[in-house]
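Asker: Sharing a model prediction with you, sequence too.
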Amino acid sequence: MPTMWLLRSIRIGVGPGILAVAVVLGTAGYGLFGQSNARPAFQSVSIKRNTSNWSERFRHGMGMNTNASLLLLIQFAYANHDNPMLGHSLPLPASEVAGGPAWINSEGYDIEVKAGANADPKQWWLMWQTLLADRFKLKLHRETRELSVYVLTAAKNGFKLPAAKPADCISFPPGTKPRHIPGKVDCGYVFGPAFGLSAGNSRAYLAGLGLGMVGRKVRMADLSRHLASILDRPILDKTGLTGEFDLYLNFTPDGALMGMPRGYGGPANPNLPNIFAALEEQLGLKLEPANGPVEVLVIDHAERPTEN
């Protein structure tokens, strides 16, 4: 099921140093994936401006359909969707999108889409890219920039990642809402941070337990993207781990959780470590601040869509 922090109000911030221009996208904004004439597209699209309270964005799953800003749509549509379990997606960190007019982060839109009966779920994000190019006249290019990052490595005493237990996994295709199915496990998905999550029971909301993150059959790439979103900073994974593991992590909220709504998680719990110490003590992982090359999406052009 989706987490609230995915729907945060987005900030734009990028480092000043441009290293190289990696890819220039076509005028339709979809050249990133090498599409030529045939572009996967939704069967129907309806777009309407949402003028309600902007904070309403925090209440909607995935942030893709209700009161979504163009910036947030870009962050989802152009994120890395390489998890073998369909439907597990995280937006790009705000620092990996640059440029564009101010309204792309201050105006929300309600968007209804319908894919054809035979649409390939693996092309869902390409259809969103087509929508953005056609209706928002979006044009993008990629640049590699030197940004503030976190480097993820093994801690001094080595990894402490629990081995993945056998599970009957289920996959939720993009565009469908994950839901609990008895006897099935939503594998490859990191749930949280959420208040009161316990390692023994992901639904146990206990006072004073702090924040928790849980997941079954998770890969390091999944955890890295999750950490990048809640810390609002790219993660360079230097662990070299490619296998699956089960995830249980408890920590106290603090100012490092820049990718989450202000005040999320309640007051700090002095009996719990912060997220950096928790990663090291509980999982044997170390996050260290550094500067490193990061591929950034640069918005060259965007227009407000006509409503229908």
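Answerer: Yep, it's here.
Asker: In which helix or strand does Asn291 reside?
Answerer: Using DSSP states H and E, Asn291 maps to strand 285-301.
Asker: and that strand, what other elements does it pack with?
Answerer: If contacts are counted by 3 or more C-beta pairs under 8 Å, 6 or more residues apart in numbering; DSSP states H and E, strand 285-301 sits against strand 97-99, strand 139-154, strand 235-237. C-beta here means a position set from N, CA and C on the backbone, and glycine is covered the same way.
Asker: Reformat the ones you listed into JSON lines and put mean neighbour count next to each item.
Answerer: Shown next, in JSON lines, are the helices and strands packed on strand 285-301 (neighbours: other C-beta atoms under 10 Å):
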{"stretch": "strand 97-99", "mean neighbour count": "19"}
{"stretch": "strand 139-154", "mean neighbour count": "19"}
{"stretch": "strand 235-237", "mean neighbour count": "19"}
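Asker: Make a markdown table from those strands and add mean pLDDT and distance to Asn274 to it.
Answerer: Below are those laid out as a markdown table (pLDDT from 0 to 100; distance: least, C-beta to C-beta, whole Å):
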| stretch | mean pLDDT | distance to Asn274 |
| --- | --- | --- |
| strand 97-99 | 94 | 27 |
| strand 139-154 | 96 | 13 |
| strand 235-237 | 94 | 16 |
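Asker: okay, these in JSON lines with distance to Glu307 next?
Answerer: Formatted as JSON lines, these follow (distance: least, C-beta to C-beta, whole Å):
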{"stretch": "strand 97-99", "distance to Glu307": "24"}
{"stretch": "strand 139-154", "distance to Glu307": "21"}
{"stretch": "strand 235-237", "distance to Glu307": "38"}
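Asker: closest to Ile275 out of those?
Answerer: Smallest distance to Ile275 across the helices and strands packed on strand 285-301 (C-beta to C-beta): 10.6 Å, for strand 139-154.
Asker: What is the subsequent helix or strand relative to that closest one?
Answerer: Where DSSP H and E defines the elements, the next helix or strand beyond strand 139-154 is strand 190-195.
Asker: Find the nearest non-adjacent residue to Gly116, please.
Answerer: Residue nearest to Gly116 in three dimensions, not counting chain neighbours: Gln43, with 4.7 Å by C-beta to C-beta, 6 or more residues apart in numbering.
Asker: got the contact list for the one you found?
Answerer: By C-beta atoms under 8 Å, 6 or more residues apart in numbering, Gln43 lies in contact with 114-116, 119.
Asker: Make a ChimeraX selection of the buried ones in those.
Answerer: The buried residues among the contacts of Gln43 can be selected in ChimeraX (16 or more other C-beta atoms under 10 Å) with this line:
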select :115,119
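Asker: Any chance of JSON lines for the contacts of Gln43, columns secondary structure?
Answerer: Formatted as JSON lines, the contacts of Gln43 follow (DSSP: H, G, I helix; E, B strand; the rest coil):
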{"residue": "Lys114", "secondary structure": "strand"}
{"residue": "Ala115", "secondary structure": "coil"}
{"residue": "Gly116", "secondary structure": "coil"}
{"residue": "Ala119", "secondary structure": "coil"}
